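In: requesting a structural model of the entry that follows:
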Amino acid sequence: MSSSSSSSPCKVAVLGAAGGIGQPLSLLLKLCPLVDELACFDIVGTPGVAADLGHIPTKAVVTGMLKDGLKDALTGASLVVIPAGVPRKPGMTRDDLFNINAGIVKGLIEGCAEHCPDAVIAIISNPVNSTVPIAAETLKAKGAYRPQKLCGVTTLDVLRANTFCAQHMKRSTDAIHVPVVGGHAGTTILPLFSNVEDFLATDEELQALTHRTQFGGDEVVQAKAGAGSATLSMAYAGYIFAEQVLRGLKGSSNSDIIQCAYVESS
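Out: Modelled structure (predicted):
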């Protein structure tokens, strides 16, 4: 991932900024000192979101664009984060989301290819295992595919693994770093608890930790009783991923910027 000059302005675009993930994600990005301009795009509500965020005294300048403003939202963006789409409801699998969210993501990615072909694109829209390959094919068709700049955000799986492992080990979460490989749905999520120093668990405990990490989304959907899916934790995960990408783009000298993500791999 090529870095840009640390002195150049940093613009981040959030596509789906008025939604359940998009609003808290936009709030966190407004607070991020690495962001100079925050472009909020959605089909409804973004002027209000931008006005609300604009009263927070941080350096990021916020704009809110509706459907006809995709070009303005994307032009000049270093990073595009895409939480757009419908949320999962009780009884829905990630595959049930496919027909709706795939079309939404495809249209937004076409805009990225045209208006910010060099931006890093971070896709949150589920099912990530399908929306990222669709984005890749869309970018290829536009001649704008750069594998190192297209990522599916799987950070929430890492955060869940860290949280559940810390609870199991009765340690601070600051001391726990669980790599998570694979995909971003059910049993394709593979938390590597064995990489945690001094990790001890019975086979049953390990199976329970793994299952809870893999199906943590179901836990939230059921707890919200039909009122939504994981929005606040996903927004935080999206922010953590975005912040680390921005640190890399800013040319951070810290060699420890490592994030798990869903990317093309041989």
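
In: which of the helices or strands spans the residue lying closest to residue 155 once chain neighbours are set aside?
Out: Counting by C-beta to C-beta, 6 or more residues apart in numbering, residue 155 lies nearest to residue 237, which is 3.9 Å off, once chain neighbours are set aside. Heads up, the C-betas are built off the backbone N, CA and C, glycines and all. Using DSSP states H and E, residue 237 falls within helix 232-249.

In: and the contacts of that helix?
Out: 1, 3-4, 10, 12, 21-25, 27-29, 32, 34-35, 78-79, 81, 83, 120, 122, 124, 151, 153, 155-156, 158-160, 220, 254, 257, 259, 261 (C-beta atoms under 8 Å, 6 or more residues apart in numbering).

In: list the buried residues in it.
Out: For helix 232-249, the neighbour count (16 or more other C-beta atoms under 10 Å) marks 233-249 as buried.

In: how about stretch 168-186?
Out: 168-169, 176, 178, 180, 182-185.

In: ok, back up a step: show me the contacts of helix 232-249 that map onto helices.
Out: 22-25, 27-29, 155-156, 158-160, 220 (DSSP state H).

In: how about residue 139, secondary structure?
Out: helix (DSSP: H, G, I helix; E, B strand; the rest coil).

In: which residue packs closest to it, ignoring adjacent ones?
Out: residue 145 (3.8 Å).

In: okay, now the one you found: neighbour count?
Out: 18 (other C-beta atoms under 10 Å).

In: also residue 257?
Out: 14.

In: same thing with residue 18?
Out: 22.

In: from residue 172, how far out is the spatially closest residue to residue 36 that is not a sequence neighbour?
Out: Nearest non-adjacent residue to residue 36, counting by C-beta to C-beta, 6+ apart: residue 9, 4.3 Å away. As judged by C-beta to C-beta, to the nearest Å, residue 9 and residue 172 stand 36 Å apart.

In: just the CA trace of stretch 240-248, in CSV.
Out: C-alpha atoms of stretch 240-248 as CSV (Å, rounded to 0.1, in the frame of the first residue of the first chain):
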residue,chain,number,x,y,z
ILE,A,240,-10.2,1.1,13.9
PHE,A,241,-9.5,-0.3,10.5
ALA,A,242,-9.8,3.1,8.8
GLU,A,243,-7.5,4.7,11.4
GLN,A,244,-4.8,2.1,10.8
VAL,A,245,-5.1,2.5,7.0
LEU,A,246,-4.8,6.3,7.4
ARG,A,247,-1.7,5.9,9.5
GLY,A,248,-0.2,3.8,6.8
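
In: now that stretch: mean pLDDT?
Out: Confidence for stretch 240-248, expressed as mean pLDDT, is 96.

In: what ranges do the strands span in the stretch 151-266 of the chain?
Out: Applying DSSP state E, counting those that start in this stretch to the stretch 151-266 of the chain gives strands spanning 180-182, 189-191.

In: likewise the stretch 1-150 of the chain?
Out: Using DSSP E, counting those that start in this stretch, strands in the stretch 1-150 of the chain cover 11-15, 37-41, 61-65, 79-82, 120-123, 150-152.
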